[in-house]
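Got a predicted model here, sequence first, then my questions.
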Amino acid sequence: MTKDTHTIETSNLAKRFGDVVAVDSVTFDVRPGELFGFLGPNGAGKTTTINMLTGLARPDTGSIRIGGIDCTDRPRAAQHLIGVVPDESNLYPELTGFENLCFCAALYGLGKADRQGRAKELLEGFGLTNAAGRKFSGYSRGMKRKLTIAAGIIHKPEILFLDEPTTGIDVASARQLRQLIADLHRAGTTIFLTTHYIEEAERLCGRIAFIVSGRIVRIDTVEHLIQPVQEKHVVQIACANMPDDIRDKLCGSFPGLEFTTQGQGLIRVESGEPVRVGPLVRFLEEQGGEVAEARRMRPSLEDIFVQITGIEADAMRKEKEKAGGGQ
Amino acid sequence: MKPWIAFWNILVKDMRTYYLKPPNISWGLIFPLAWTGMFFIKSGSGLESIMALLPGVVAVSILFGTTSMLAVTVTFEKKNRSFERLLLAPIPFELLMLAKTSGAILFGVANAFVPVVMAAFLADLSLIAWSVFVPAVFMIAVASTFLGLFIAVAVSEVFEAQTFSNFFRFPMIFLCGLFFPIEKLPVFLKPLSYALPLTYGADVLHGAVHGGHAMPFILDLSLLGAFCVGLFAVSLWNIKRKWIL
């Protein structure tokens, strides 16, 4: 693979399941050493795209090149270059952690001494040495995710596909996993990450593609995506007993500001200029509201995501957690 | 040589996690024992009937051992998605599926020799043509395993695999000349007999054990080989079509 070759290149990828269009005209590329985020709600086409890239699904139309190898008609042609961490921890429940890693290494042709050495190294690196001799079925959810990631990199792949790596695990484990992903990226591995946690993508990824209903709606670097909202000043006010027409009244009294009511007594205020919180709070109290909190918000990728896709990030997260367990 | 590392480790893993588990070993011992006892008592002709019953018992032991195990293990791995790990491995697809089925073939061959060992205590086996018997056992094990694979690919649930297996297996006991000669079957059932692989395997076993076979061994083994190739090819095509969507 030459330096200037894109590690992953797709062009007009499409996939249907019966009448359902899962992926539609998806085109993107991932550069060597990049950590590329693929962000979208449930059913947006993230896993179908990963499956097509890894050889577990065949595109109806379009082309795929992985590490310079044309995989369009030979979906399994580049499998020696890739590691895959699926959205479910799918190792063998009957095998121990150590045996699982050794078995996965054997699938990539590593000799006995190499696979045992690599398994020990990864178990240590992932803090699982003490659980090495325990069956996978007895692992906690976080430990299962870690071991599944370890299995994905056992053969030191050039390209790693991570499908929802932190879904359904506790906060501490998720944090550890993000650190591991960042370390892998720093070590030079090209990473294709799908996630529905926007803040995770923002923290880890260099570039991000937003996919909605099978179509990519935007691809850009995190800096470029955030830039338009970074110049905005945002205040969020939590207020009880607000009159129904509070938004109209606020717009009328503060013409330079934009107001959005967000349900459960939340008002979001945006402006190109710094927002003075005092007059807003006083106005709300005069209208009979009880202000509990007023916070200046740091504009984030979540704002951009909502703007581009029209999907509330919070709703997306809750939907996913309902399906796959909470983080 | 690297793909063979994967092949060997898939085989060893399957043997350890599925085939050498105590419930499966006991299944492999008790099932042939039950069949032998059942037909021995039913025949009522004493120890002389052992040599006539042995080919049928051997064939049915292989058939039930291989199809049960493979259909269930592959369906189970497909269901919990660990089969995806194998599909993602950089080894030729055909070799991967051979590795996955080799454990069941070995299990079937081992099952075949349980009734043989039992018969050795009760009858004189010195007249068995082992040079024909052993290849026949192997070929029946391969054909039955690939039948199990065909079934595993056709279903999505473990219980469906068992049900669908029985749909093939039980008619084969009666239609393939294991215990009842095909010549004595009703005319309309005979074509069905010749459409089933076990018919040819059972014919070779009968020939090897007591000399009573209907077709030349080479023809039987060739047809059995053709069934093996056909079932394997159809199963691979189905996996590519259904599992690599």
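Cool, the structure landed. Numbers count the residues shown, from 1 in each chain, chains lettered A, B, ... in the order given.

I figured residue A:115 hits residue A:102, correct?
Yes - taking contacts as C-beta atoms under 8 Å, residue A:115 lies within contact range of residue A:102: 4.8 Å. (Each C-beta comes from the backbone N, C-alpha and C, glycine too.)

Isn't residue B:111 up against residue B:65?
Yes - if you go by C-beta under 8 Å, residue B:111 and residue B:65 touch, sitting 3.7 Å apart.

Next, residue A:168: phi, psi?
phi 80, psi 20 (degrees, to the nearest 10).

what's the burial count for it?
By other C-beta atoms under 10 Å in any protein chain shown, the residues close to residue A:168 number 21.

How about the residue of the stretch 101-250 of chain A found nearest chain B, nearest residue that isn't a chain neighbour?
Residue of the stretch 101-250 of chain A nearest chain B, by C-beta to the nearest C-beta: residue A:109 (3.0 Å). Excluding its sequence neighbours, the residue lying closest to residue A:109 (C-beta to C-beta, 6 or more residues apart in numbering or on different chains) is residue B:2, at 3.0 Å.

Can you check the pLDDT for the residue in chain B that chain A sits nearest to?
Of all residues in chain B, residue B:2 sits closest to chain A, at 3.0 Å by C-beta to the nearest C-beta. Residue B:2 is assigned 82 on the pLDDT scale.

same check, this time on residue A:91
93.

That one: what's it in contact with?
Residues near residue A:91 by C-beta atoms under 8 Å, 6 or more residues apart in numbering or on different chains: A:100, A:104, A:136, A:144, A:147-148, A:151, B:82, B:85.

State whether it is indeed within a helix.
No - read with DSSP: H, G, I helix; E, B strand; the rest coil, residue A:91 is coil and lies in no helix.

Over to it: give its phi and psi.
According to degrees, to the nearest 10, residue A:91 has phi -80, psi -180.

Same check on residue A:17?
Residue torsions, per degrees, to the nearest 10, at residue A:17 are phi -120, psi 100.

Count the neighbours of it for me.
12.

re earlier: would you agree the residue of the stretch 101-250 of chain A closest to chain B is in contact with residue B:8?
No - using C-beta under 8 Å, residue A:109 is not in contact with residue B:8; the gap is 10.8 Å.

Give me the more crowded residue out of the two.
Comparing residue A:109 with residue B:8 by other C-beta under 10 Å, the one with more neighbours is residue A:109, at 20 against 13.

which ones are touching that one?
Neighbours of residue A:109 in contact, by C-beta under 8 Å, 6+ apart: B:2-3, B:5-6, B:90-91.

what's the burial count for the residue nearest to residue A:169 when sequence neighbours are not counted?
Closest residue to residue A:169 apart from its sequence neighbours, by C-beta to C-beta, 6+ apart: residue A:142 at 4.4 Å. For residue A:142, the number of neighbouring residues by other C-beta under 10 Å comes to 19.

Ok, the one 5 residues further on next?
One way to gauge burial is a neighbour count; for residue A:147, by other C-beta under 10 Å, it gives 26.

wait, is it part of a helix?
Yes - the assignment for residue A:147 is a helix, going by three-state DSSP.

Which residue is the nearest non-sequential neighbour of it?
residue A:97 (5.4 Å).

so residue B:212 touches residue B:204, yeah?
No - look at residue B:212 against residue B:204 with C-beta under 8 Å: they stay out of range, at 11.3 Å.

Of these two, which one has the most company?
Set residue B:212 next to residue B:204 and count neighbours by other C-beta under 10 Å: residue B:204 wins out with 28 against 12.

Identify the residue spatially nearest to that one, adjacent ones excluded.
Nearest to residue B:204 is residue B:136, by C-beta to C-beta, 6+ apart, at 3.9 Å.

How is that neighbour assigned, secondary-structure-wise?
helix.

The one 5 residues further on now?
In three-state terms, and counting by three-state DSSP, residue B:141 is helix.

Identify the residues contacting stretch A:298-315?
A:39-41, A:198-199, A:201-202, A:208, A:210, A:212, A:217-218, A:222, A:225-226, A:228-230, A:232, A:234.

Out of these, which end up buried?
A:39-41, A:198, A:201-202, A:208, A:210, A:212, A:218, A:222, A:225-226, A:229, A:234 (16 or more other C-beta atoms under 10 Å in any protein chain shown).

Between the residues you listed, which sits nearest residue A:288?
Nearest to residue A:288 out of the buried ones among the contacts of stretch A:298-315 is residue A:234 (C-beta to C-beta; 24.7 Å).

quick one, phi/psi of the closest residue in space to that closest one that isn't next to it in sequence?
Spatial nearest neighbour of residue A:234, excluding adjacent residues (C-beta to C-beta, 6+ apart): residue A:297 at 4.1 Å. The phi/psi pair for residue A:297 (degrees, to the nearest 10) reads phi -110, psi 140.

what's the burial count for residue A:297?
Residue A:297 is flanked by 15 other residues according to other C-beta under 10 Å.

List of residues touching the lowest-mean-pLDDT helix or strand in chain B?
The helix or strand of chain B with the lowest confidence, counting by mean pLDDT, DSSP states H and E, is helix B:22-43 at a mean of 72. Helix B:22-43 has contacts (C-beta under 8 Å, 6+ apart) with B:18, B:49-50, B:52-53, B:56-58, B:60-61, B:64-65, B:68-69, B:107, B:110-111, B:114-115, B:118-119, B:179.

which among those residues end up buried?
In the contacts of helix B:22-43, burial by neighbour count holds for B:18, B:50, B:52-53, B:56-58, B:60-61, B:64-65, B:68-69, B:107, B:110-111, B:114-115, B:118-119, B:179, counting by 16+ other C-beta under 10 Å.

What's the biggest helix in chain B, counting residues?
Longest helix of chain B, by residue count under DSSP state H: helix B:50-79.

for that one, the distance to its chain's centre please.
Counting by C-alpha atoms, centre = their mean, to the nearest Å, helix B:50-79 is centred 5 Å from the centre of its parent chain.

Could you pull up the mean pLDDT of it?
On average, the pLDDT along helix B:50-79 is 85.

for it, packing partners?
Counting contacts by 3 or more C-beta pairs under 8 Å, 6 or more residues apart in numbering or on different chains; DSSP states H and E, helix B:50-79 is packed against helix B:22-43, helix B:83-88, helix B:93-120, helix B:130-154, helix B:158-175, helix B:197-210.

now the angle between helix B:50-79 and the helix or strand following the last one, please.
On the C-terminal side of helix B:197-210, the nearest following helix or strand under DSSP states H and E is helix B:217-242. With axes from the mean of the first three to the mean of the last three C-alpha atoms, to 10 degrees applied, the angle from helix B:217-242 to helix B:50-79 works out at 10 degrees.

Give me the mean pLDDT for helix B:217-242.
Taken as a whole, helix B:217-242 carries a mean pLDDT of 92.

What residues of that helix count as buried?
Within helix B:217-242, the residues that count as buried by 16+ other C-beta under 10 Å are B:217, B:220-221, B:223-224, B:227-228, B:231-232, B:235-236, B:239.
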